[in-house]
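1. here's a sequence, model it:
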Amino acid sequence: MSEPSGQGRRETPEERADRNWTDLLQELRVSQTGVQLLAAFLVTLPFQSRFTELDDFQQRWYLGLLALAFLTVGVTLAPVAIHRQVFQGGAKPRLVRAAHVLTELALGLIALLLAGIAFLVVDVVLDRTAATLASGVSLLVLLVLLVAVPHLVSRGATHTT
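-> Next up, the predicted model:
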């Protein structure tokens, strides 16, 4: 049964922190899996026969993407590492705030990683001009989906966290 409008949830700060942590964990599970698969895919590329056909720019771009993928994996895993350190230490509200910031950072890194991968693939298949366009469009679409749409949705929501 829903609460009357404007009342919000009736929970203690600890219960709210527990609920928020559970929500963040669900979000992190989704992003961690995707990022780890992307990183694994990138790691296998040098072992493909056509990898040696990449020019110097493409190989450096690839190495940058690999570093970005590993950074993104690290950022998505960091809330779990923080949780391990503060487990049962009464710091769940601080953990939730830190995990929130890290999750937002991870979303930004994922957008950059995907746009960067689009650039590399289109550069290899077509050319650098098409790659620049594809990467720019990819980044724009991701910014709309990951920043603009959530902002629009949150404008109409009540914030009780």
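2. now Gly74: which helix or strand?
-> For Gly74, the element it lies in under DSSP states H and E is helix 56-86.
3. who are the packing partners of that helix?
-> The contact analysis (3 or more Cβ pairs under 8 Å, 6 or more residues apart in numbering; DSSP states H and E) places helix 56-86 against helix 13-44, helix 92-125. Yep, even glycine has a C-beta here, placed from its N, CA and C like the rest.
4. if we ignore the residues flanking it in sequence, what's nearest the one residue sitting closest to the centre of the chain?
-> Centroid check for the chain by Cα atoms, centre = their mean gives Leu107 as the closest residue, at 2.9 Å. If the residues on either side of it in the chain are set aside, Leu107 comes closest to Leu146, at 5.2 Å by Cβ to Cβ, 6 or more residues apart in numbering.
5. quick revisit: any idea which of the helices and strands packed on helix 56-86 is most buried?
-> Per-stretch averages of neighbours, counted by mean count of other Cβ atoms under 10 Å, single out helix 92-125 among the helices and strands packed on helix 56-86, with a mean of 18.
6. from the contact counts, what lies against it?
-> Going by 3+ Cβ pairs under 8 Å, 6+ apart, helix 92-125 lies up against helix 13-44, helix 56-86, helix 128-143.
7. how about the second one: buried residues?
-> Okay, so that is helix 56-86. By neighbour count on 16 or more other Cβ atoms under 10 Å, the buried set for helix 56-86 is 58, 61-62, 65, 68-69, 71-73, 75-79, 82-83.
8. what of the last one?
-> Counting neighbours by 16+ other Cβ under 10 Å, one finds that the buried residues in helix 128-143 are Ala131, Ala134, Ser135, Ser138, Leu139, Leu142.
9. tell me which other helices or strands that helix touches.
-> By 3+ Cβ pairs under 8 Å, 6+ apart, helix 128-143 packs against helix 92-125.
10. which regions of the protein sit below the pLDDT cut-off?
-> Along the chain, segments meeting pLDDT under 70 span 1-8, 87-89, 157-161.
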